[in-house]
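Model the following, please.
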Amino acid sequence: MKLKAFRAAFPHTLPIFAGFWFLSLAYGILMNTAGFSFVYPMLMSATIFGGSLEFITVSMLLSPFAPVQTFIVALLVQARHLFYGIAMLDKYKGLGWKKFFLIFGMCDETFSINYTAEIPEGVDRGWFLFFVTLLDWFYWVSGATVGGLAGSLIHFNTKGLSFVMTAMFTVIFLEQLQKERHGTTALVGLLCSVVCLIIFGPQSFMIPTMVSILAVLLGLRKRIEKEDAQ
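Next comes the predicted model:
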């Protein structure tokens with residue numbers, strides 16, 4: 001049962017492997033060039049497991065101690081997972097101990113796979129979701145560790161490395177847009193993001209954007225379900 005679920009989950013994670021290894025290698029190298037041992041990116045990637053937050057943490061570790069500011073920044077950056085979690089409540093029901101790791105290991109890419117993937121007939125749903133989450137987590141942690149180890153052997157200008165996160169999110173958005181039949185949710189996300197960015201500014205628009213997207217999607221729920229059914 002487990003092996004069958006692993007074989008079904010693995011192909012879904014291969015695109016994530018390519019993206020995660022590039023990003024996590026960049027993160028590990030960035031940590032090394034900032035003066036940190038490979039142990040830091042290894043442990044931080046395994047426990048924080050939030051790509052964008054980990055890139056921000058590099059500068060936080062080099063800044064004066066500010067726990068309150070760090071907490072607020074972490075909350076704002078990772079707040080989108082609250083909305084992901086709401087969407088996955090039904091899918092994670094009745095999965096026992098696996099549910100705890102599924103909650104911890106849910107990231108943008110894992111959410112995308114676990115929410116949209118069609119699980120083959122005869123494959124255990126819980127183990128499928130678990131292996132997708134585990135594989136994605138392993139890709140990120142192993143890449144960050146290798147990047148931290150190899151960083152001392154690579155010498156180049158690391159300016160702009162953090163932009164890889166923006167590039168990957170753009171690719172993920174385009175992939176999801178191609179999967180949608182009508183593109184309503186993508187349009188809602190873009191419009192809400194632009195409006196909130198204009199109103200609240202680049203430093204404070206994340207939470208209002210998520211709230212507005214949720215509100216609009218709830219309002220358009222019946223219409224979107226009708227479009228998907230066509």
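
Please enumerate the helices of the protein.
2-33, 39-47, 51-61, 67-78, 80-87, 98-104, 108-116, 125-150, 164-179, 184-200, 206-219, 221-229 (DSSP state H).

burial of the nearest residue to Leu82 once chain neighbours are set aside, as a residue count?
Excluding its sequence neighbours, the residue lying closest to Leu82 (C-beta to C-beta, 6 or more residues apart in numbering) is Met210, at 7.7 Å. All C-beta atoms are positioned from the backbone trio N, CA, C, and that covers glycine. Neighbour count for Met210, taken as other C-beta atoms under 10 Å: 20.

Likewise for Phe55?
20.

I'd guessed it sits against Tyr27; true?
Yes. The pair Phe55 / Tyr27 is scored as a contact, 6.1 Å apart, by C-beta atoms under 8 Å.

now the chain, which segments are flagged as low pLDDT?
154-169, 171-172, 175-176, 179-182, 224-230 (pLDDT under 70).

so who does the residue nearest to Leu82 touch?
Listed by C-beta atoms under 8 Å, 6 or more residues apart in numbering, the contact set of Met210 reads 79-80, 82-83.

So it versus Leu102, what's the distance?
For Met210, the distance to Leu102 (C-beta to C-beta, to the nearest Å) stands at 21 Å.

same thing with Gly35?
35 Å.

now Val211
Counting by C-beta to C-beta - Val211 and Leu102 are separated by 25 Å.

Which one's more surrounded, the two?
Taking neighbours as other C-beta under 10 Å, Val211 and Leu102 compare with Leu102 leading, 21 against 14.

That one contacts Leu129, correct?
Yes. Look at Leu102 against Leu129 with C-beta under 8 Å: they come within range, at 5.9 Å.

Common neighbours of the two, please.
Common neighbours of Leu102 and Leu129, using C-beta under 8 Å, 6+ apart, are 92, 95, 114.

ranking those by neighbours, who comes first?
Busiest of the shared contacts of Leu102 and Leu129 [other C-beta under 10 Å] is Asn114, holding 26 neighbours.
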